[in-house]
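J.: attaching a predicted model along with its sequence, questions to come.
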Amino acid sequence: MLEVMDVSGMVTFQDSGRYGFAGFGVPTSGPMDWFAHRAANTLVGNSVDAAVIEIGLGEVVFRAKRNCVLAVSGAGYEVQNYIWTFPLWTSFFVRAGWHVHLKKKNGGNWAYLAAAGGFEVESVLGSRSTYLRGGQGKAIQSGDVLQCGKPSAELMKLAARNFSAEKYMPYSQSPVVEVIAGPQKDWFTEEGWQIFLNSEYTLSKSFDRMGYRLEGNPISHSAGADLISEGMTMGSVQVPANGLPIVMMADAPTTGGYPKIASVVKTSLPLLAQCEAGASRIRFKETTVEEAQDKLIRLPSSLRTRKSGVEDENRLEL
């Protein structure tokens, strides 16, 4: 059980997402960085799709109302537990009455706090993910008391675990983001396609959980910039009339009317999500479906399948 003492930025509950309702215009939502979300859950012995607290672009202070084990993953944050500072990608014991402070630093946007036993959050349309624009859930605020479920093992068996994220996810402020050519690639000139692949882009300050607007060399169209709206997913790269790409993110609308030049592959979405506005230097690289699938398969199995993180304590190579 955690009491929220102070909060800034965007702090919400997110599980693995809300599926099956895109036909009704309901976005998937879920975490901006799916890799960090699943790792945090696995570190504390939860199912990888359990609800966690996503902290974005701000800070939060909690007070433990009973003994618990927490884990924090992501990028751009550090964790202070009582009088100690902990690195990300670790689990740690918190005694009742101690304060846990997630402090914002440079090098990323999003952190994920998981509690052993998971957070008990009301499910809406089969998911506990918060979608603020649609009124599904609400932002976490000062004074909230967050309930936790029963841990899957003794607390001391779940504490002091760590995961070498850099082995699998090369977080960087100069990432190479892999993409697959989009369904409207032929709506762009060959020069425009090459500009997209060979230019360096920065993240605009006008970004949010819906989409990342990029700044850099404009991409030229060959067949106009408007089409009849069609389906979109997280990772779809739209290019409006100004030629500057917009990458759809976790709260992406289910349809859109700009041509899609590419789609970001699943293993590159966390790298893009953690890019900082005005600071990161983003490049795109074309890949194939087969290469993207092979890269995903090489990740630890616990981060690819919905299994409990305590079935095999070595699954994350702790």
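T.: Received the coordinates, thanks. Residues are numbered from 1 along each chain as shown.
J.: list the contacts of the host helix or strand of residue 102.
T.: Taking DSSP states H and E as the definition, residue 102 sits inside strand 99-104. Applying C-beta atoms under 8 Å, 6 or more residues apart in numbering, the external contacts of strand 99-104 come out as 2, 5, 9, 55, 57-64, 70, 72, 76-82, 94, 111, 113. Glycine gets a C-beta too; all of them are placed from N, C-alpha and C.
J.: in strands only, show me those.
T.: Here DSSP state E is the test, and the contacts of strand 99-104 give 2, 5, 55, 60-64, 70, 72, 77-81, 94, 111, 113 as lying in strands.
J.: which of the residues you listed are buried?
T.: In the ones in strands among the contacts of strand 99-104, burial by neighbour count holds for 2, 55, 60-64, 70, 72, 77, 79, 81, 94, 111, 113, counting by 16 or more other C-beta atoms under 10 Å.
J.: tell me the one of those nearest residue 34?
T.: residue 111 (13.9 Å; C-beta to C-beta).
J.: from what I can see the closest one touches residue 71, true?
T.: No: using C-beta atoms under 8 Å, residue 111 makes no contact with residue 71, being 10.7 Å away.
J.: mind listing what residue 220 touches?
T.: Going by C-beta under 8 Å, 6+ apart, residue 220 touches 188-189, 191-192, 195, 243.
J.: what about 10 Å?
T.: Contact analysis of residue 220 by C-beta atoms under 10 Å, 6 or more residues apart in numbering lists 188-193, 195-196, 239, 243.
J.: swap in residue 20?
T.: By C-beta under 10 Å, 6+ apart, residue 20 lies in contact with 26, 28, 125-127.
J.: try residue 37
T.: Residues near residue 37 by C-beta under 10 Å, 6+ apart: 14-17, 30-31, 48-52, 54, 73-74, 110, 112, 114, 270, 303.
J.: give me the element it is part of.
T.: Residue 37 belongs to helix 34-43 when assigned by DSSP H and E.
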